[in-house]
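Peer 1: return atomic coordinates for the entry below.
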Amino acid sequence: MPSGPDGFVRHPRYLEEFGRARGLLLGNPRRWRVVYHYDGDGVAGASCALRALARLGYPAQATALVHVERERIATLLKATEGPVLVTDTGASWLDLFAQHPHPVIVLDHHSYPGVPDPPPLPDHVAFVNPLDWGVDGMSEMCASTLTWLFSVFLDPANWDNAVWGLSGAIHDRQHVGGFRGLNATLVDEAIRRSFIARRRGLPLLGSTIGEALGRSVDPFVRGLSGQVGDAEAYLRQLSIDPGRAPTDLTPEEVDRLSRGLKERLERAGVLPDFVSMIDTERWFVPSLGLDAEEVSNLQNSAGREGIPGVGVAMALGDPAAVERARAAETEWRSGVLRGLRRIEEGGVHSMSSLRWFESPETPLAGTQAGLAMNYLLAPDIPVFVFSEEASAPTKVSSRGLTRQVERGLDLASVCRNAAASVGGEGGGHRVASGATIPAGTRDRFLEAANRELAQQLGTRGGTA
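Peer 2: All right, here's what the predicted structure looks like:
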């Protein structure tokens, strides 16, 4: 018998929240505005939502948010004369949604003040957040898997949103070490239904193995990533032709390359969790003929390169969207590599409880910070990245590691409080968060963040 989602979580709020959201959507068969964050998880979440709305025959308008700010949300709601579905953002602006005169559904996995007890909301607002039912939104469910699950509550036919749910989860790195919790339940069901397939292989994507290794960002391999010539020379040392396609390597060659890359990462001090990604389980999408990580990169890069609608159009079946996304992925990868190479060569700034650097590639800064944390920086304290443009507000992204969270790290709290101390706003997850702060306030933000991190991590406060 095909399984359904009703029994996946044994918490009363689980069915209560999904039931409220389902009732609002099915009770309002009209044009919906879908609001989503422009990163890979948000694009994938919007893909699930728009496919589900199309299946119901509902017209929809999709709007991506690049900088999630209170004023922008308020302006957008004022301009919307109808119901709104929000994915991968919104947890911090529930009071604004309560003022909207039309139905609002918020599907978000980020923390909010008072979690796990959301504030009272009027009947026309449904807030669905896995944190409310004991599911970790940092590691066990992201916005796209949440929206995929919601779409299955609407219609079991939406199990075919599996690839897009998986796309966002991979972007949010919830696959590292294997999917866990509710994500794992969803993935197992998608595999059972043949929407995705498990397979093992190297995380190197490209037309040739030399190009794939030389332009690899995840993993980022010191001395090879961003240096195609050196990567090709390394492959020749292993008696592997760099001009061959990655899929054409023999099992023995794959094993030889895997061992060599693991050794390089281990010598560089990379943690075992990320070293193991070299030959861990991967997921293949039969309907697209693509590795799921490639799908994730295409959707995310479309968003990061300023064309998030192209990432959504992929999911809606636009045949031209994939090629446009591939061109965006090339630019995205080049920008990420530039940032990582700057860190590899020049390092970062340090304080007692955090590290920080600057990035002119604003949409890519968070990705650069996360990959630097995984492959280039010591794993003891988190890293912050700042993107500044003249007198415009400064954008901040921060990234940590699970082992830091186990020591007490909560970057959502740090970004929220440090930003508030300088007249800005912030929030997110314990391991990854962001903020927007007024121009010229970076140093005060850093001092406030460093103080709170010293308390969380037990490090010595003050500037190093």
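
Peer 1: can I assume Val221 is in contact with Leu213?
Peer 2: Yes: counting by CB atoms under 8 Å, Val221 does reach Leu213; the two are 7.3 Å apart. Glycine gets a C-beta too; all of them are placed from N, C-alpha and C.

Peer 1: give me the more crowded residue out of those two.
Peer 2: Ranked by neighbour count (other CB atoms under 10 Å), Val221 and Leu213 place Leu213 first, with 27 against 23.

Peer 1: was I right to think the more buried one contacts Ala231?
Peer 2: Yes: taking contacts as CB under 8 Å, Leu213 lies within contact range of Ala231: 4.2 Å.

Peer 1: got any residues that touch both of these two?
Peer 2: Leu224, Ser225, Pro242 (CB atoms under 8 Å, 6 or more residues apart in numbering).

Peer 1: what's the residue nearest to the second one when sequence neighbours are not counted sitting at in phi/psi?
Peer 2: Nearest residue to Ser225 in three dimensions, chain neighbours excluded: Ser216, at 5.1 Å (CB to CB, 6 or more residues apart in numbering). Here the main-chain torsion angles of Ser216 (degrees, to the nearest 10) amount to phi -80, psi 130.

Peer 1: quick check: Ser216 touching Leu224?
Peer 2: Yes: using CB under 8 Å, Ser216 is in contact with Leu224, at 7.5 Å.

Peer 1: chain center to stretch 101-113: distance?
Peer 2: With CA atoms, centre = their mean, to the nearest Å as the basis, stretch 101-113 stands 18 Å off its chain's centre.

Peer 1: typo on my end, stretch 57-69
Peer 2: Distance of stretch 57-69 from its chain centroid, counting by CA atoms, centre = their mean, is 17 Å.

Peer 1: would you mark the buried spots in that stretch?
Peer 2: Tyr58, Ala60, Ala62, Thr63, Ala64, Leu65, Val66, Val68 (16 or more other CB atoms under 10 Å).

Peer 1: least confident pick among those?
Peer 2: Scanning those for pLDDT, the low point is Val68. It has 69.

Peer 1: what packs against the host helix or strand of Glu263?
Peer 2: Following DSSP states H and E, one finds Glu263 within helix 251-267. Judged by 3 or more CB pairs under 8 Å, 6 or more residues apart in numbering; DSSP states H and E, the packing partners of helix 251-267 are helix 272-275.

Peer 1: next, the buried residues of the helix or strand that the helix it packs on is followed by.
Peer 2: Tracing the chain past helix 272-275, the next element assigned as helix or strand by DSSP H and E is strand 281-285. Buried residues in strand 281-285, counted by 16+ other CB under 10 Å: Arg282, Trp283, Phe284, Val285.

Peer 1: okay, buried residues for the longest helix along the chain please.
Peer 2: In the chain, assigned by DSSP state H, the helix with the most residues is helix 321-346. Buried residues in helix 321-346, counted by 16+ other CB under 10 Å: 321, 324-325, 328-329, 332-333, 335-337, 339-340, 342-344.

Peer 1: name the nearest of the residues you listed relative to Gly426.
Peer 2: Gly339 (21.1 Å; CB to CB).

Peer 1: check contacts around that closest one.
Peer 2: Ser359, Glu361, Leu364, Ala365, Gln368, Ala372.

Peer 1: and the strands in the stretch 101-250 of the chain, which stretches?
Peer 2: 104-107, 125-128, 197-200 (DSSP state E, counting those that start in this stretch).

Peer 1: what about the helix holding Glu263, distance to the chain center?
Peer 2: Helix 251-267 sits 27 Å away from the centroid of its parent chain (CA atoms, centre = their mean).

Peer 1: do the same with stretch 253-268
Peer 2: With CA atoms, centre = their mean, you get 27 Å for stretch 253-268.

Peer 1: tell me the mean pLDDT over it?
Peer 2: On average, the pLDDT along stretch 253-268 is 96.

Peer 1: identify the residues contacting that stretch?
Peer 2: 201-202, 209, 219, 221-224, 234-235, 238-240, 249, 274-275, 278-279, 375.

Peer 1: over to stretch 168-182?
Peer 2: Applying CB under 8 Å, 6+ apart, the contact partners of stretch 168-182 are 8-9, 39-45, 88, 130, 135-136, 139-145, 149, 183-184, 187, 273-274, 276-277, 280-281, 283, 292-293, 296, 299-300, 370.

Peer 1: check stretch 187-204 too.
Peer 2: In contact with stretch 187-204 (CB under 8 Å, 6+ apart) are residues 2-3, 159-160, 162-163, 165-166, 179, 212-213, 216, 218-219, 246, 249, 254, 257-258, 277-287, 291-293.

Peer 1: ok, of the residues you listed, which come out buried?
Peer 2: The buried subset of the contacts of stretch 187-204 (16+ other CB under 10 Å) comprises 159-160, 162-163, 165-166, 179, 212-213, 216, 218-219, 246, 249, 254, 257, 277-280, 282-285, 291-293.

Peer 1: right, I'll call it a day here.
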